[in-house]
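Peer 1: sequence and computational prediction follow.
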Amino acid sequence: MKMILVILGLITAACISANATTKPKYYNFGFTGYCDTFSFYTYSAYEGAPAVAISGTHHCGQFPIENVGGFVHALSSYYQVGSGTVFDFHDSEYSDWFGEPGFDTDWIVNWKAGTWVLYVSNGGMDYYFTNSGTITVGFEAATQAQTQGDKTAAQP
């Protein structure tokens with residue numbers, strides 16, 4: 001009887017830990033050669049789900065800090081530099097910095113490959129490739145970004 005209770009207790013503990021919410025994971029990087037930096041975390045939208053949601057900020061030089069959101073997902077190498085899982089950020093206010101309200105920016109970042117690609121929409125009708133490059137990971141990103149002034153990766 002005691003053995004059955006011990007086994008049931010172990011099974012219960014395993015089930016509880018398997019359903020625990022994934023803890024948020026923090027990331028920080030910058031676009032090499034540009035003033036753009038991103039600080040964000042990935043989190044689980046609900047208990048038991050993988051951490052695929054993104055919430056954070058995008059900053060560049062004199063421009064205001066923008067809130068960004070997005071998702072972690074797989075993406076064909078046709079749309080990115082590298083292959084596999086990407087961070088996909090949506091920043092609808094970024095284009096307002098350049099007097100282009102209604103244009104949206106989507107930043108595709110491959111963390112493992114250390115690369116990024118920028119797509120911009122012309123008011124939601126089409127998305128087109130704008131720029132790409134490499135990332136600088138960690139807090140060094142803020143230091144390198146400061147040396148770039150207002151040189152953003154998304155200049156019109």
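Peer 2: That came through, no problem. Numbering: from 1, shown residues only.
Peer 1: CA atoms for contacts and neighbours, from now on please.
Peer 2: Will do.
Peer 1: ok, and the closest non-adjacent residue to T42?
Peer 2: I54 (4.6 Å; Cα to Cα, 6 or more residues apart in numbering).
Peer 1: I'd say that neighbour and F40 touch.
Peer 2: Yes: contact between I54 and F40 holds when scored by Cα atoms under 8 Å: they sit 6.8 Å apart.
Peer 1: the two - which one has more neighbours?
Peer 2: Between I54 and F40, counting by other Cα atoms under 10 Å, I54 is the more crowded of the two (23 against 19).
Peer 1: the host helix or strand of the more buried one: what's the following helix or strand?
Peer 2: Per DSSP states H and E: I54 is located in strand 51-60. Using DSSP H and E, the helix or strand that follows strand 51-60 in sequence is strand 66-75.
Peer 1: in contact with H59, which residues?
Peer 2: C35, D36, T37, F38, I65, E66 (Cα atoms under 8 Å, 6 or more residues apart in numbering).
Peer 1: what does A45 give?
Peer 2: Contacts of A45 by Cα under 8 Å, 6+ apart are A51, V52, A53.
Peer 1: before we move on, back to that, could the contacts of H59 be laid out in CSV, adding distance to V81 and neighbour count?
Peer 2: What follows is the contacts of H59, written out as CSV (distance: Cα to Cα, whole Å; neighbours: other Cα atoms under 10 Å):
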residue, distance to V81, neighbour count
C35, 20, 25
D36, 18, 27
T37, 19, 28
F38, 18, 24
I65, 26, 14
E66, 25, 16
